[in-house]
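# please work out how this folds:
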Amino acid sequence: MEMKCVMVIDADLPTGLISNTAAVLALTLGKEIEGIIGPTVKDGSGHPHVGITTTPIPILKGDSLKIKELRNKLYAEEFSDLFVVDFTNAAQTTKSYEEYIEKISTLSTNDLEYLGLALYGDKKKVNKLTGSMGLLR
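You can find the predicted model right below:
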């Protein structure tokens with residue numbers, strides 16, 4: 001099975017929040033997906049360069065409604081084998097992880113506003129969900 005990774009980020013966010021959302025999603029992908037980060041390499045002078053992603057990660061544009069719809073589709077059994085990272089307004093509006101835990105526990109799924117998602121898994125399934133979305137530019 002060929003694997004694919006994409007991010008979908010709300011294009012209506014300010015540039016700083018888009019960057020922050022991408023960074024948060026990427027950190028979690030790097031932590032959770034074994035092999036997505038390559039080993040340290042050496043350049044021609046023998047200097048080390050810490051490993052970077054071994055997988056292209058296109059960043060696609062959406063808006064808060066499209067991202068919420070996409071997130072809701074990911075709860076279906078058909079897509080249960082995809083790895084999903086979501087980043088919400090609950091995370092963006094708290095100052096510590098403890099506050100985030102407390103805040104998100106009081107919100108229903110319908111109350112969350114999604115700033116971005118990262119998907120990783122079977123290329124056909126990822127394309128089925130995101131193939132019509134344009135690149136964030």
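# for the helix or strand containing Leu119, packing partners?
Element membership for Leu119, per DSSP states H and E: strand 114-122. Other helices and strands packing on strand 114-122, by 3 or more Cβ pairs under 8 Å, 6 or more residues apart in numbering; DSSP states H and E, are strand 3-10, helix 15-32, helix 64-73, strand 83-88, helix 89-92, helix 123-130. C-beta: built from backbone N, CA, C; applies to glycine.
# lowest confidence element among the helices and strands of the chain?
Of all the helices and strands that make up the chain, helix 89-92 has the lowest average by mean pLDDT, DSSP states H and E, namely a mean of 91.
# counting by contacts, list what it packs against.
helix 15-32, helix 97-105, strand 114-122.
# quick check: buried residues in the strand holding Leu119?
Neighbour counts over strand 114-122 (16 or more other Cβ atoms under 10 Å) mark 114-121 as buried.
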